[in-house]
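In: Turn this into a structure:
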Amino acid sequence: TLMRSSAASDVYKRQASHNTYEFNGIKYFSNKGMKIPDTLEEEIEEVMESGKLEELTAVNDKIGVSEYCLDLIDEYVYFFRKNFDDDMEKLVSDDFIVGLDTANGATYKVAEKVFKSLGIKYKIINNNPDGININQNCGSTHLEGLKKFVVENNLSMGVAYDGDGDRCLAVDENGNEIDGDKIMAIISSSLRKKGKLAKDTIVATVMSNLGLNKYARDNGLELLQTKVGDRYVLEEMLKDGFNLGGEQSGHVILLDYNPTGDGILTSLMLIKSILEENKKASQMAQMVKLYPQVLVNAKVNSEKKYGFKDDKEIKNAIEKLEKEFAGNGRVLIRPSGTEPLVRVMIEGEDQKYIQKKAEEIAKLIKISTNLKDNDIKDFHTKMWICCHGIATLVANDTIKLTDNQIQELLSSQFQALMLLEKNPNNKWILPKE
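Out: As a prediction, this is how the structure comes out:
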């Protein structure tokens with residue numbers, strides 16, 4: 001909002017986002033108030049790591065100008081007054097009190113100013129930043145403190161921002177979490193009733209809960225799902241003219257107001273939607289039934305983490321499980337963008353069952369990606385299976401081999417496949433994964 005209304009050519013902010021202070025970094029925005037593209041970020045990183053920064057340092061009349069613009073806080077507060085003042089004046093009552101958790105971060109001061117200016121009663125915690133306590137057991141990534149605070153003080157609800165203020169999660173009057181999926185559902189319901197939900201569509205990521213899918217389907221809405229990351233949600237929204245999107249984490253984009261996430265804006269839209277219905281936060285949150293969700297990581301060779309897509313056994317296992325779910329469950333498999341992992345996420349009605357199935361599929365992926373390679377001949381594959389089988393039998397004491405025999409196997413050309421090591425009790429075991 002402030003970027004688009006100012007004359008700045010671009011801006012950056014130092015922040016730890018939703019992480020602790022050790023992860024402080026720099027985030028760049030364009031003069032349109034949007035995050036810069038991945039390609040431009042990569043170019044900046046290349047320059048930073050090139051060792052040529054001194055050569056690129058501006059001198060004389062090329063040196064830029066930075067300013068402390070404290071008046072922008074007032075402009076930011078005015079933005080909310082302009083958009084919410086009239087509605088809140090009609091809706092807010094003295095017995096409606098909100099708990100605020102500002103994560104000792106960017107919103108520690110301005111959140112109070114906004115809520116005061118709109119006449120919303122509040123109680124605030126984690127609003128004393130000292131430079132190292134940002135997101136430290138507080139804010140949207142640690143809701144425990146806010147949950148307790150809301151219940152102990154008999155508050156109507158609570159909202160928690162992350163360190164840089166672009167995310168918002170909430171808790172109801174009973175201390176139950178209202179995550180990003182539920183927040184989007186509540187806001188979408190309000191917008192649609194007024195004819196303001198563009199194309200009756202919500203844009204989310206593939207990690208959104210199956211419950212949001214079912215909410216959209218049951219209410220005649222369309223749910224589009226993108227890759228994980230708010231930038232991909234925004235791309236989809238801009239491409240086809242949608243105005244509501246976001247992530248389970250509480251990073252919600254309300255494109256009629258802002259081209260990026262704004263935790264305070266999200267919280268006000270949520271509060272307004274709840275007050276308009278004259279219901280408790282817990283009642284509104286019931287419009288989405290969240291399914292149990294488990295995530296199991298399969299550790300793989302980083303060069304082969306996409307190989308599972310061509311494996312027939314894995315495909316069959318997924319298809320069989322999805323057929324069994326019959327619309328009441330979901331399997332999502334995606335490689336990590338930064339680690340040698342393939343993430344197996346399963347949603348369903350039975351927590352224990354989906355945990356078991358996720359572990360089974362993760363094991364299949366691990367074997368597939370670590371075994372199968374165009375350079376491995378059928379003979380070598382069979383030998384791998386044979387060696388792994390022998391190692392398992394030895395570890396389980398099913399067959400007895402002397403130390404010398406085992407060492408001989410371990411020193412063979414298949415040493416990497418034997419997977420045996422000694423524990424502190426001098427017993428041969430399979431290493432922990």
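In: how about the helices in the stretch 201-350 of the chain?
Out: 210-218, 230-240, 263-277, 281-285, 312-325 (DSSP state H, counting those that start in this stretch).
In: Tell me which of those sits most buried.
Out: helix 263-277 (a mean of 23; mean count of other Cβ atoms under 10 Å). Using the backbone N, CA and C atoms, a C-beta is placed for each residue, glycine as well.
In: average pLDDT for that one?
Out: The average pLDDT for helix 263-277 rounds to 98.
In: which other helices and strands contact it?
Out: Helix 263-277 is packed against helix 71-91, helix 110-117, strand 157-161, strand 168-171, helix 180-193, strand 252-254, helix 281-285, with contacts defined by 3 or more Cβ pairs under 8 Å, 6 or more residues apart in numbering; DSSP states H and E.
In: Export these as CSV, with columns for distance to residue 303 and mean pLDDT.
Out: Listed next are these as CSV, based on distance: least, Cβ to Cβ, whole Å; pLDDT from 0 to 100:
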stretch, distance to residue 303, mean pLDDT
helix 71-91, 47, 95
helix 110-117, 46, 97
strand 157-161, 39, 98
strand 168-171, 37, 98
helix 180-193, 34, 98
strand 252-254, 35, 97
helix 281-285, 44, 98
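In: can you list the ones you listed in CSV and add distance to residue 232?
Out: Below are the helices and strands packed on helix 263-277 laid out as CSV (distance: least, Cβ to Cβ, whole Å):
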stretch, distance to residue 232
helix 71-91, 26
helix 110-117, 28
strand 157-161, 22
strand 168-171, 20
helix 180-193, 15
strand 252-254, 11
helix 281-285, 26
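In: Ok, which of these comes nearest residue 39?
Out: The minimum distance between residue 39 and the helices and strands packed on helix 263-277 falls on strand 252-254, with 21.0 Å, by Cβ to Cβ.
In: So what are the sheet partners of that closest one and their directions?
Out: Here strand 252-254 has these sheet partners by DSSP bridges: strand 244-246 (antiparallel).
In: got a list of contacts for the strand it pairs with?
Out: Residues outside strand 244-246 that contact it (Cβ atoms under 8 Å, 6 or more residues apart in numbering): 180, 183-184, 187-188, 191, 197-198, 201-204, 230, 233-234, 236-237, 252-255, 261, 266.
In: quick one, phi/psi of the residue nearest to residue 83 when sequence neighbours are not counted?
Out: Using Cβ to Cβ, 6 or more residues apart in numbering and skipping the chain neighbours, the partner closest in space to residue 83 is residue 257 (6.7 Å). Dihedral pair for residue 257: phi -110, psi -40, per degrees, to the nearest 10.
In: Quick one: neighbours of residue 257, just the number.
Out: The tally of other residues near residue 257 (other Cβ atoms under 10 Å) stands at 16.
In: next one: the one 4 residues further on
Out: A total of 27 residues lie near residue 261 under the criterion other Cβ under 10 Å.
In: Do I have it right that it meets residue 249?
Out: No: contact criterion Cβ atoms under 8 Å: residue 261 and residue 249 do not qualify, at 9.4 Å.
In: Quick check: neighbours shared by the two?
Out: residue 167.
In: residue contacts, the spatially most central residue of the chain?
Out: The residue lying closest to the centre of the chain (Cα atoms, centre = their mean) is residue 249, at 4.6 Å. Contact analysis of residue 249 by Cβ under 8 Å, 6+ apart lists 18, 140, 167, 169, 179, 180.
In: Same check on residue 80?
Out: Applying Cβ under 8 Å, 6+ apart, the residues near residue 80 are 114, 117, 118, 264, 265, 268.
In: and if we set it to 10 Å?
Out: 1, 88, 110, 113-115, 117-118, 257, 262, 264-265, 268 (Cβ atoms under 10 Å, 6 or more residues apart in numbering).
In: re earlier: kindly present the contacts of residue 249 as CSV, with separate columns for distance to residue 92 and neighbour count.
Out: What follows is those, written out as CSV (distance: Cβ to Cβ, whole Å; neighbours: other Cβ atoms under 10 Å):
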residue, distance to residue 92, neighbour count
18, 29, 23
140, 23, 28
167, 24, 27
169, 21, 29
179, 24, 22
180, 24, 27
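In: Could you list the low-pLDDT ranges of the protein?
Out: Across the chain, the ranges flagged by pLDDT under 70 are 1-34, 370-401, 403, 405-424, 426-433.
In: Same list (the contacts of residue 249) but as a markdown table, adding distance to residue 308.
Out: Shown next, in a markdown table, are the contacts of residue 249 (distance: Cβ to Cβ, whole Å):
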| residue | distance to residue 308 |
| --- | --- |
| 18 | 29 |
| 140 | 32 |
| 167 | 31 |
| 169 | 32 |
| 179 | 29 |
| 180 | 28 |
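In: coming back round to it: which one, of the helices and strands packed on helix 263-277, ends up nearest to residue 56?
Out: helix 71-91 (28.9 Å).
In: Any buried residues in that closest one, and which?
Out: Buried residues in helix 71-91, defined by neighbour count with 16 or more other Cβ atoms under 10 Å: 72, 76, 77, 79, 80, 83, 84, 88, 91.
In: and what of stretch 305-312?
Out: Buried residues in stretch 305-312, counted by 16+ other Cβ under 10 Å: 305, 307, 308, 311.
In: what separates residue 206 from residue 347, distance-wise?
Out: Distance, residue 206 to residue 347, by Cβ to Cβ, to the nearest Å: 11 Å.
In: who's more crowded, the two?
Out: Neighbour count, other Cβ under 10 Å: between residue 206 and residue 347, residue 347 has more, with 21 against 13.
In: in terms of contact, does that one touch residue 321 like I think?
Out: No: the pair residue 347 / residue 321 is not scored as a contact, 11.0 Å apart, by Cβ atoms under 10 Å.
In: Between the two, which contacts overlap?
Out: With contacts taken as Cβ under 10 Å, 6+ apart, residue 347 and residue 321 have 329, 330, 331, 354, 358 as neighbours in common.
In: Which secondary structure elements does the strand or helix carrying the fourth one sit against?
Out: What that stands for is residue 354. Taking DSSP states H and E as the criterion, residue 354 maps to helix 351-371. Secondary-structure packing of helix 351-371 (3 or more Cβ pairs under 10 Å, 6 or more residues apart in numbering; DSSP states H and E): strand 293-299, helix 312-325, strand 330-335, strand 341-347, helix 378-395.
In: Before I go, just wanted to say thanks for your time.
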